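Q: Sharing a model that was predicted from the sequence below.
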Amino acid sequence: MIHPGSVWLMVTNSSQVHTVNDVMTRWVVTITPSDSLSKARDTMIQTHVSQLVVTDERGRPIGLISKRDIARFLLEDTTTRDTGEITVSEASSKSIFKIRPDLAVVNAARLFDTDNLAYAVVTNENPLIGIITETDLSHYFSQKFPGRFKVNDVMQSDFIFAKSTYPVVHVAHAIVLRQPSVPVIDEELVGILTLSDILSIGEKFPLNGNGKLRSKGKDYAALITTKDVMTLNPVTTHENTDLAQAAQIIITKGVSSLPVTDDGSKVVGLLAKHDIVRALGRIGADPTLEAKKQLNQVSVNKPKRILTHGSS
């Protein structure tokens, strides 16, 4: 039975040999809607995953919660509750996408692209047999399609970056709402701010209870700068690097995106897992060089944007 809040995705399978069943993650980490956000956050850290499947008392999937969901909720929550008092049900996504295990991998990639998915539950007659994520699809691309594209064919040329002196609360909005990470650029690339960095603020600064900054108003939060919490010495890739090689770097380093540099070490783009998934879907649509042309047309080619101090 499909949960009423679910969106069922089905595409006629093509002649591709590999299916979702071949690439999905079978070990699914779950949590209940009555568990706290602090437990959800700690579970993600301990199990090295970015999302949890929310299940009911019968083990059926009824929602999903990710690092981004937690960060978004904490940014928008106006109460003084700490994360130990907030339940998973308040922050989780109630509408879940479900995919059959016999769906071709390239078709799954197209769905991820067109519906802007980061993950989907895999199910058939059993309510939960696995989960497929952008990481799974990116790993598949890295193994099966070397030499098809270069990084600059799919990277985001229109991206946001921040200065190291900016209040982290402002940069956090860009990560939650716009892109998976924000390169920190002063005269040169000095770091990168990620969702994991945002969620680790409580470990680096005094807390009120369990998970929120001490209650001293917005002025206290404004004292914490991007430099205080960013990841130093970020891994980068060159714009002419083979996309499969860059995808492998993302997988092995466990990062969500890579700043892209040119021959002069200037940051000219941002490569995210979703860009790799989009490339995978295009291969299935047209394996000729025309697919590369179409992919370039889809990619936004605008100059990078600086995150204005004080913007959100």
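A: Perfect, I can see it now.

Q: Find the nearest non-adjacent residue to residue 270, please.
A: Nearest residue to residue 270 in three dimensions, chain neighbours excluded: residue 159, at 4.2 Å (CB to CB, 6 or more residues apart in numbering). Every C-beta, even on glycine, is put in place using the N, C-alpha and C of the backbone.

Q: Residue 132 too?
A: Excluding the flanking residues, the one nearest residue 132 by CB to CB, 6+ apart is residue 24, at 4.3 Å.

Q: sorry, back to before: residue 175 is in contact with the residue nearest to residue 270, correct?
A: No - Residue 159 is beyond contact range of residue 175, at 11.7 Å (criterion: CB atoms under 8 Å).

Q: follow-up on the earlier one: can you get me a residue count around the residue nearest to residue 132?
A: Burial measure for residue 24: 22 neighbouring residues, criterion other CB atoms under 10 Å.

Q: can you check residue 181 too?
A: A count of nearby residues for residue 181, using other CB under 10 Å, gives 26.

Q: what about the strands in the stretch 101-250 of the chain?
A: For the stretch 101-250 of the chain, the strands defined by DSSP state E, counting those that start in this stretch cover 119-122, 130-133, 160-161, 181-185, 189-194, 207-208, 212-213, 231-232, 237-238.

Q: So which of those strands is nearest residue 37?
A: Of all the strands of the stretch 101-250 of the chain, strand 212-213 sits nearest to residue 37, with 10.1 Å by CB to CB.

Q: Quick one: mean pLDDT over the closest one.
A: Average pLDDT, strand 212-213: 47.

Q: ok, now stretch 275-286?
A: Averaging pLDDT along stretch 275-286 gives 85.

Q: try stretch 46-62
A: Stretch 46-62 shows a mean pLDDT of 91.

Q: I figured residue 62 hits residue 32, correct?
A: No - the pair residue 62 / residue 32 is not scored as a contact, 9.5 Å apart, by CB under 8 Å.

Q: got the phi/psi numbers for residue 256?
A: With angles defined as degrees, to the nearest 10, residue 256 sits at phi -90, psi -20.

Q: what sits against residue 39?
A: By CB atoms under 8 Å, 6 or more residues apart in numbering, the residues touching residue 39 are 31, 88.

Q: buried stuff in whichever helix or strand it is part of?
A: Assigned by DSSP states H and E, residue 39 falls within helix 37-47. Within helix 37-47, the residues scored as buried using 16 or more other CB atoms under 10 Å are 37-41, 43-44.
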